[in-house]
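Sequence and predicted structure are below.
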Amino acid sequence: MITIQGLEKRYKDGDQEIVALHLPYAEFDRGTQWAVVGPSGSGKSTLLHCLAGIIRADGGQIKTGEGILTDFDEDALQSWRSIEIGYIFQDFNLIDALTVKENIELGAYLSLGHYVSGYNKTEQFQERLQHLLETMDIVNLLNKRPSALSRGEQQRVAVARALIKEPSLVLADEPTASLDEENSRRVMDLLTSYCKQSNATLLVATHDPLTKSYCSNVITLTKGGHA
Ligand SMILES: Nc1ncnc2c1ncn2[C@@H]1O[C@H](COP(=O)(O)OP(=O)(O)OP(=O)(O)O)[C@@H](O)[C@H]1O
């Protein structure tokens, strides 16, 4: 279970202060699936970044099974990110110097905290990789560079990279924004079935009604914390 209390993130804009996120209270039980909705600028990405430990909140608390995330030092935050979090970025964050296969393998290495020689040769890894490649229909893209792929293909690779390490918390920022309906369904089918099988929690920031319909819970953010 993750519990949020009085979470705030603010940014300075000249003399003004922008409230990027104000979330008085939320609880996410393990294994539940959430659509994070709200108007543009209401803090959906900011909430996911705080939960991933990519940015620090300015106030409030995030309590997790591993401890109080908002009190973690940098080392603890790094472990949290690399072991527990599967993050699907709005702009994918694939590395173009690496092939598709290497990008996905990197997701698994990161979860171990360091490079483990030969890990990608283990039966367990190969089975998992094959399952993800087939479900995402990216088997024939393995040796390509991300820049040679369409946006939809890049998105499916980003999903495979996030799930290969078997995270307990999957955070997806507009994961279907660049996809047609068939591919949107494929991505959401994989994300939701992974979370059911692994009892992982899923938070999906989205404006898309189809994506929202896959999640049994909804959390609505308001701009600047005002209704
Ligand atoms: N690094 C930053 N510096 C300054 N302001 C920021 C920064 N990151 C976010 N903001 C501001 O915080 C607010 C919330 O941003 P955020 O990206 O979380 O909203 P969002 O709900 O995800 O929006 P969208 O639906 O458009 O993706 C916005 O007003 C944004 O401009």
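Looks like it came in fine.

drop to CA atoms for contacts and neighbour counts, all remaining ones
OK.

Report the next helix or strand after the lowest-mean-pLDDT helix or strand in the chain in sequence order.
One helix or strand of the chain scores below all others by mean pLDDT, DSSP states H and E: helix 100-112, with a mean of 80. Counting by DSSP states H and E, the next helix or strand C-terminal to helix 100-112 is helix 123-135.

Next up, identify which helix or strand the closest residue to residue 135 other than its chain neighbours is on.
Sequence neighbours aside, residue 190 is the residue nearest to residue 135 in space, at 7.2 Å (criterion: Cα to Cα, 6 or more residues apart in numbering). Element membership for residue 190 (DSSP H and E) is helix 181-198.

count of neighbours near the residue nearest to residue 135?
19 (other Cα atoms under 10 Å).

what do you get for residue 29?
Residue 29 has 14 neighbours, counted by other Cα under 10 Å.

can you map out the helices along the chain?
For the chain, helices defined by DSSP state H occupy the ranges 44-52, 74-79, 100-112, 123-135, 151-163, 181-198, 209-213.

how much space between the nearest residue to residue 25 once chain neighbours are set aside and residue 26?
Nearest residue to residue 25, sequence neighbours excluded (Cα to Cα, 6+ apart): residue 5, at 4.6 Å. Distance from residue 5 to residue 26, counting by Cα to Cα, to the nearest Å: 7 Å.

isn't residue 46 right next to residue 21, touching?
Yes: counting by Cα atoms under 8 Å, residue 46 touches residue 21, with 6.5 Å between them.

what is in contact with those two at once?
Jointly contacting residue 46 and residue 21 under the rule Cα atoms under 8 Å, 6 or more residues apart in numbering are residue 9.

which one of those two has more residues nearby?
residue 21 (27 against 21).

Quick check, pLDDT for the more buried one.
On pLDDT, residue 21 comes in at 96.
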